[in-house]
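Visitor: turn this into a model:
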Amino acid sequence: MGRYSPQQLIRNIERVLSGEAPLAEGRSNQPPLDNVEIDDRDVVLPDAVDEIRGAVLPEMYAHAPINKVAPGSRLALLKKLALVLFRPISGRQAAFNYQVCRALEHLTQEVVANSYRHARIEGALAKLEAEVRDLHERQQALAESIVFPADDIEALNDRCQVLDHRLTESGATLARAEADLRSLLAQERAYRERHDGALDDLTRNVALVKEELRQNLQDRIGVVEARLRDADARIAYATEFRSQVLELLNTGAGPAPAPASAPAAAAPTPAPAFDELAYHQFQRRFRGDEAQLRQSQRAYVDLLSRHLGERASVRTLDLACGDGILVGLCAEAGWEAHGVDINAAMTRAAGEKGLRVETGDAFAFLAAAEPRSFDVVSALQFVEHLDAGQLTQLVRGVHRVLRPGGLFLIETLNPNTLLAHKWFQFDLTHRHLVFPQVFEMLCETAGLLPVEWQGIHPPAEHERLVPVGDEAANANTERLNAFLFGPQDYYLIARKPG
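Guide: So this is what the prediction gives:
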């Protein structure tokens, strides 16, 4: 290795400290000094010691006044013995010096990083100072252009001082925020180191729970499929039983004569073959008592009021009104409420309450009514008793008796859910389930504009399937709930233009 001048040595040290000339690759693998056992006979020194021996020591010898020792003299032997004895100490010193250099290198990197951070902070402070100077200049320009009273000028100066104080506080706050950020970063690193193992355990546990939930969901789906198959079998049995009962009833009672005033296509609802008193009791048992029905139908009065708006008077007609629950609610709202039903037992119960309810066929009543004579026509749990021709006749008849802007309200079973098919089979007088989209089309064909429809009367929450799986499994559970346990009924409102 060549000779080095003192200036070159200084430049080399500066390059190492600045990071331009890093230590030789592999030095970071040298063991700490505390763990090194040095044999006097075989001292292995790191590369840094070789550089010191090859460059630094020759320079020192070259520039130091050292007396020459004659070969073969006692002093030469003493010198050689001293070099042998001090070799372990010099090796330890070289290793120590190398560790010091490494520490200086890391400290230099930290100093550079801190310099960048301080430069950014100084840049922000310089920007704030520039803004303060700009504010001072604007203040001076404003003071020169506008003459303020002395009190106003003093107050303005006080505000400027407050602003200067706040800017000073902002610089201190920025410094505190930087210190807090460093503390948070240190805490985050410590937290991550502590919880990496716990996170791995949690991931494994989540995978196990996910697999267990998936298996449970598959088991529950199997149970639901079995129940669906059982329900299909029961529905088929009920359908066959209903057909047999209707056949027996029609054979025993014969066809019912239509009222003289009814159109030829009209049919009484429910069928006269079903005993009127028995049907009244059937309604009470399976649809609920009067208090439950009043609570359910009271919402329709508010709904109709909202769509009707402000009117001087409102005249309503409830088709197949039963014992007049909705008729009574409309009368309590101050409307002129009317109702018609073919079941005499039900209309007698309504008459005993003082309601305007007639016994007769709904189609005959619509045909005899004056055109544009009602603001509202309602039909709750009625359309499922009609065939396709009667549905068309009903919508056209309602359009004829409604006033411009009048409303047609229906309530019927919701065929979008399997639960409705169960209740459809309960009533032997039911004929068809009508989808809301189909009824909207019927209204549009007759000249009525559909306003809205919505599912109502959902089953109790404990009857629905409970989501227990992951997001995809829960989505499938919701789809099953919508199909199996959706709202039992729906209502639809249509408006006559005008």
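Visitor: report the distance from the longest helix along the chain to the chain centre.
Guide: Looking across the chain with DSSP state H, the single longest helix is helix 150-253. Centroid separation between helix 150-253 and its chain, computed with CA atoms, centre = their mean, to the nearest Å, is 7 Å.
Visitor: and it, what does it pack onto?
Guide: helix 74-145, helix 418-426, helix 471-484 (3 or more CB pairs under 8 Å, 6 or more residues apart in numbering; DSSP states H and E). For the C-beta atoms, the positions are set from N, CA and C on the backbone; glycine is no exception.
Visitor: report the angle between that helix and helix 418-426.
Guide: Taking axes from the mean of the first three to the mean of the last three CA atoms, to 10 degrees, one finds helix 150-253 and helix 418-426 inclined to each other by 30 degrees.
Visitor: what's the angle between helix 150-253 and helix 471-484?
Guide: 50 degrees.
Visitor: sorry, back to before: out of the helices and strands packed on helix 150-253, which one sits most buried?
Guide: Mean neighbour count (mean count of other CB atoms under 10 Å) peaks for helix 418-426 among the helices and strands packed on helix 150-253, with a mean of 18.
Visitor: got the CA positions of that one in PDB?
Guide: Taking Å, rounded to 0.1, in the frame of the first residue of the first chain, the C-alpha atoms of helix 418-426 are listed here in PDB:
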ATOM      1  CA  LEU A 418     -92.700 -18.600   1.000                       C
ATOM      2  CA  LEU A 419     -94.500 -17.600   4.200                       C
ATOM      3  CA  ALA A 420     -97.300 -16.000   2.100                       C
ATOM      4  CA  HIS A 421     -98.000 -19.400   0.400                       C
ATOM      5  CA  LYS A 422     -98.600 -20.900   3.700                       C
ATOM      6  CA  TRP A 423    -101.300 -18.400   4.600                       C
ATOM      7  CA  PHE A 424    -102.700 -18.600   1.100                       C
ATOM      8  CA  GLN A 425    -103.500 -22.300   1.700                       C
ATOM      9  CA  PHE A 426    -105.200 -21.500   5.000                       C
END
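Visitor: chain center to that helix: distance?
Guide: Relative to the chain's own centre, helix 418-426 is displaced by 34 Å; criterion: CA atoms, centre = their mean.
Visitor: equivalent analysis for stretch 290-308, please.
Guide: The answer for stretch 290-308 is 33 Å, by CA atoms, centre = their mean.
Visitor: mind listing what's buried in that stretch?
Guide: Leu293, Ser296, Gln297, Tyr300, Val301, Leu303, Leu304, Leu308 (16 or more other CB atoms under 10 Å).
Visitor: check which helices and strands the helix or strand containing Ile410 sits against.
Guide: Using DSSP states H and E, the element containing Ile410 is strand 402-413. With contacts taken as 3+ CB pairs under 8 Å, 6+ apart, strand 402-413 sits against helix 290-308, strand 374-380, helix 388-401, helix 418-426, helix 436-446, strand 489-495.
Visitor: go again with 10 Å.
Guide: helix 290-308, strand 315-319, strand 374-380, helix 388-401, helix 418-426, helix 436-446, strand 449-456, strand 489-495 (3 or more CB pairs under 10 Å, 6 or more residues apart in numbering; DSSP states H and E).
Visitor: those into CSV, with extra columns for mean pLDDT and distance to Ala345?
Guide: Formatted as CSV, those follow (pLDDT from 0 to 100; distance: least, CB to CB, whole Å):
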stretch, mean pLDDT, distance to Ala345
helix 290-308, 90, 14
strand 315-319, 97, 17
strand 374-380, 96, 18
helix 388-401, 94, 23
helix 418-426, 77, 19
helix 436-446, 92, 29
strand 449-456, 92, 27
strand 489-495, 95, 24
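Visitor: any idea of the angle the strand holding Ile410 forms with strand 449-456?
Guide: Using the same axes, to 10 degrees: strand 402-413 against strand 449-456 is 30 degrees.
Visitor: each with direction, which strands does strand 402-413 pair with?
Guide: strand 374-380 (parallel), strand 489-495 (antiparallel) (DSSP bridges).
Visitor: which one of those strands lies nearest to Glu478?
Guide: strand 489-495 (18.8 Å; CB to CB).
Visitor: report the distance from that closest one to the chain centre.
Guide: 30 Å.
Visitor: need the helices and strands packed on helix 150-253 in TSV (columns: distance to Asp323).
Guide: Output for these, formatted as TSV (distance: least, CB to CB, whole Å):
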stretch	distance to Asp323
helix 74-145	81
helix 418-426	19
helix 471-484	33
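Visitor: circling back: of the helices and strands packed on strand 402-413, give the one that comes closest to Leu107.
Guide: Closest among the helices and strands packed on strand 402-413, using CB to CB: strand 449-456, at 72.7 Å.
Visitor: mind listing what's buried along stretch 321-334?
Guide: Cys321, Gly322, Asp323, Gly324, Ile325, Leu326, Val327, Gly328, Leu329, Cys330, Ala331.
Visitor: which of these fall in helices?
Guide: Going by DSSP H, the helices hold Ile325, Leu326, Val327, Gly328, Leu329, Cys330, Ala331 from the buried residues of stretch 321-334.
Visitor: find the nearest non-adjacent residue to the first one, please.
Guide: Read that as Ile325. Closest residue in space to Ile325, ignoring its immediate chain neighbours: Leu293 at 4.9 Å, by CB to CB, 6 or more residues apart in numbering.
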